[in-house]
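Asks: sequence-free structure coming up:
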């Protein structure tokens, strides 16, 4: 029973406010992800720069009303995710974008996706109904995973099964289960839209493990669990470094020890 004790879930009788801002962020990202990825599925490559411009405009606008810690988390998440994209896509060819590049809108897109996962995780809906949402997500992802490894699937998805196991580990033992649940919805949606539109395609065989994978893999949300873990771990050191650097530039010497 210790595995399913859910130590980092909100209490069962949790009372949380429904902040319209959280839902606006989520709705905006779901809609714009659909428009952006569908457009990039047929538009010329130059359109990627237009999408990137508007992506940064809206991301920065949303971040203006976030606290310093969340803004730093988003910055760390974007940095780590983009590095991961270059490694997984450009270098390893685990998945390949339509033009064989890393689209210009990807960094801003990662920022919006991560902020959406955070907004959903802290929303009144997720806080009040955390366990029911977790059950729904586990059931849906389980069915998706079983389909991927069954004979009914057009291509085997063993990587999806592995990622689903990682996702469950994060969900039950990780420090941000609500963020992981939010990430499942937005990342699954963008993967389905992006692959359906032909914006990118996952390799039939994962180049790192040599295991077959779906297009997209069923447990793809696990990657954003890792992004969140890095964002949480990295936000505080980055804030401390910024504070020390600012102090030094202002006063010409290091901050006194506290």
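Replies: That came in fine, so what should we check first? What you are looking at is a predicted structure, and each value in this text was computed from that prediction instead of being measured.
Asks: where does residue 107 land on pLDDT?
Replies: We note a pLDDT of 96 for residue 107 in this prediction.
Asks: elements contacting the host helix or strand of residue 172?
Replies: In this assignment (DSSP states H and E), residue 172 forms part of helix 158-173. With contacts defined as 3 or more CB pairs under 8 Å, 6 or more residues apart in numbering; DSSP states H and E, the secondary structure elements packing on helix 158-173 are helix 130-149, helix 177-197, helix 222-251. For every residue, glycine as well, the C-beta is placed using N, CA and C.
Asks: in that helix, what's buried?
Replies: By neighbour count, and taking 16 or more other CB atoms under 10 Å as the criterion, the buried residues in helix 158-173 are 158-164, 167-168, 170-172.
Asks: Give me the contact list for stretch 156-176.
Replies: 3-4, 6, 8, 121, 134, 137-138, 141-142, 144-145, 148-149, 177, 180-181, 184, 206, 209, 211-214, 216-223, 225, 228-229, 232 (CB atoms under 8 Å, 6 or more residues apart in numbering).
Asks: filter those residues to the buried ones?
Replies: 121, 134, 137-138, 141, 144-145, 148-149, 177, 180-181, 184, 206, 212-214, 216-223, 225, 228-229, 232.
Asks: number of nearby residues for the residue nearest to residue 12 when sequence neighbours are not counted?
Replies: Nearest residue to residue 12 in three dimensions, chain neighbours excluded: residue 131, at 7.0 Å (CB to CB, 6 or more residues apart in numbering). Applying the criterion other CB atoms under 10 Å, we find 11 residues in the vicinity of residue 131.
Asks: related to what we said a few turns ago, can you lay out the buried residues of helix 158-173 as TSV showing distance to residue 237?
Replies: Output for the buried residues of helix 158-173, formatted as TSV (distance: CB to CB, whole Å):
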residue	distance to residue 237
158	36
159	32
160	33
161	34
162	30
163	28
164	31
167	26
168	29
170	21
171	26
172	27
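Asks: what's the most buried one of the helices and strands packed on helix 158-173?
Replies: For the helices and strands packed on helix 158-173, average neighbour numbers computed from mean count of other CB atoms under 10 Å are highest in helix 177-197, which has a mean of 22.
Asks: Pairing partners for the helix or strand that that one is followed by, with directions?
Replies: For helix 177-197, the succeeding helix or strand toward the C-terminus, using DSSP H and E, is strand 200-202. Strand 200-202 sits in its sheet next to strand 95-97 (antiparallel), going by DSSP bridges.
Asks: how distant is the strand it pairs with from the center of its chain?
Replies: The chain centre lies 17 Å from the centre of strand 95-97; the measure is CA atoms, centre = their mean, to the nearest Å.
Asks: What residues of that strand count as buried?
Replies: For strand 95-97, the buried set under the neighbour-count rule, 16+ other CB under 10 Å, comprises 95, 97.
Asks: what is the mean pLDDT for that strand?
Replies: This predicted structure assigns strand 95-97 an average pLDDT of 97.
Asks: Tell me the helix or strand right after it.
Replies: helix 106-122.
Asks: Now do that following helix and helix 130-149, the angle between them.
Replies: Using axes from the mean of the first three to the mean of the last three CA atoms, to 10 degrees, one finds that helix 106-122 and helix 130-149 are set 130 degrees apart in direction.
Asks: Tell me which other helices or strands helix 106-122 touches.
Replies: The elements that helix 106-122 packs onto, with contact taken as 3+ CB pairs under 8 Å, 6+ apart, are helix 20-40, helix 47-63, helix 68-85, helix 177-197, helix 222-251.
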